[in-house]
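A.B. asks: Quick one: sequence plus predicted model below, questions after.
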Number of protein chains: 2
Amino acid sequence: MTLHDSTPDFIPQFNKDGLIGAIAQDYITKDVLMMAWMNEDALQKTIETGEVHYWSRSRQELWHKGATSGATQIVKEIRIDCDQDALLLIIEQKNTDACHTGRPSCFYRKMENGTLIFDPEGL
Amino acid sequence: MTLHDSTPDFIPQFNKDGLIGAIAQDYITKDVLMMAWMNEDALQKTIETGEVHYWSRSRQELWHKGATSGATQIVKEIRIDCDQDALLLIIEQKNTDACHTGRPSCFYRKMENGTLIFDPEGL
């Protein structure tokens, strides 16, 4: 046991780039919808507003998920793992699609015999 | 659309440390059990053996999950996200506990009013 895994204190461990991984999971279907990153500001705004904010590594800016598309993510619960370096966001996905490709989940492909099969309904 | 999100080619994007994030999800309950990291070797061994191998960042070594504890993870399906920089492992967790703290999932705490509540059954 360590301090991080046995404490009730919320002490998220941001990596050397100031980021923590965040997994978004649908609160009803339990499908894993996406994985993205938060910096301290994004996490704070997520907690304050109840809508998920990430840090866009490609655009290097705060990313209020769905702000333009309407595909917002409403926070139902925020969980953190044992060593406090990963977040699990239990969310309600608005507009049904979490993925920018127009699919409900970003994990729409599965590996079979070294190649990827498109299987968006199979989660 | 980009090459990464529309191709059937499996081209995992390892980060500058040579790692890709991997989320383990129980194949029956759909609980998210843990998130850890793989390097190319760990991913290859996972595919070859059907048992999950991670890269331990703390120990800096290949980590055959459960090799000593018996809490192995049997691969049912490997999925990858749109930009191919995150893996979703659908697995069967042996010995019931994924977490080193003796809990089924590493995400056993949820945030409420700025503090963490221990709620291992609430996933």
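C.D. replies: Thanks, I have the structure now. Note that this is a predicted model, so its numbers are computed, not measured.
A.B. asks: where does chain A dip in pLDDT?
C.D. replies: A:1 (pLDDT under 70).
A.B. asks: can you give me the strands for it?
C.D. replies: Residue ranges of the strands in chain A, as given by DSSP state E, are A:20-26, A:32-38, A:53-56, A:61-64, A:73-80, A:86-93, A:109-112, A:115-118.
A.B. asks: And those: which comes nearest B:Lys16?
C.D. replies: Closest of the strands of chain A to B:Lys16 is strand A:32-38, at 14.1 Å (criterion: CB to CB). From N, CA and C alone the C-beta is placed, and that goes for glycine too.
A.B. asks: Give me the contact status of the closest one with chain B.
C.D. replies: Yes: using CB under 8 Å from any CB of the partner chain, strand A:32-38 reaches chain B at A:Val32, A:Met34, A:Met35.
A.B. asks: ok, now stretch A:74-86?
C.D. replies: Yes: residues of stretch A:74-86 are located near chain B by CB under 8 Å from any CB, namely A:Glu77, A:Ile78, A:Arg79, A:Ile80, A:Asp81, A:Cys82, A:Asp83, A:Ala86.
A.B. asks: any idea which helix is longest in chain A?
C.D. replies: The helix that spans the most residues within chain A, counting by DSSP state H, is helix A:40-49.
A.B. asks: Could you list the buried residues of stretch A:93-102?
C.D. replies: Applying a neighbour-count criterion of 16 or more other CB atoms under 10 Å in any protein chain shown, one finds A:Gln93, A:Lys94, A:Asp97, A:Ala98, A:Cys99, A:Thr101 buried in stretch A:93-102.
A.B. asks: how long is that stretch end to end?
C.D. replies: 13 Å (CA to CA, to the nearest Å).
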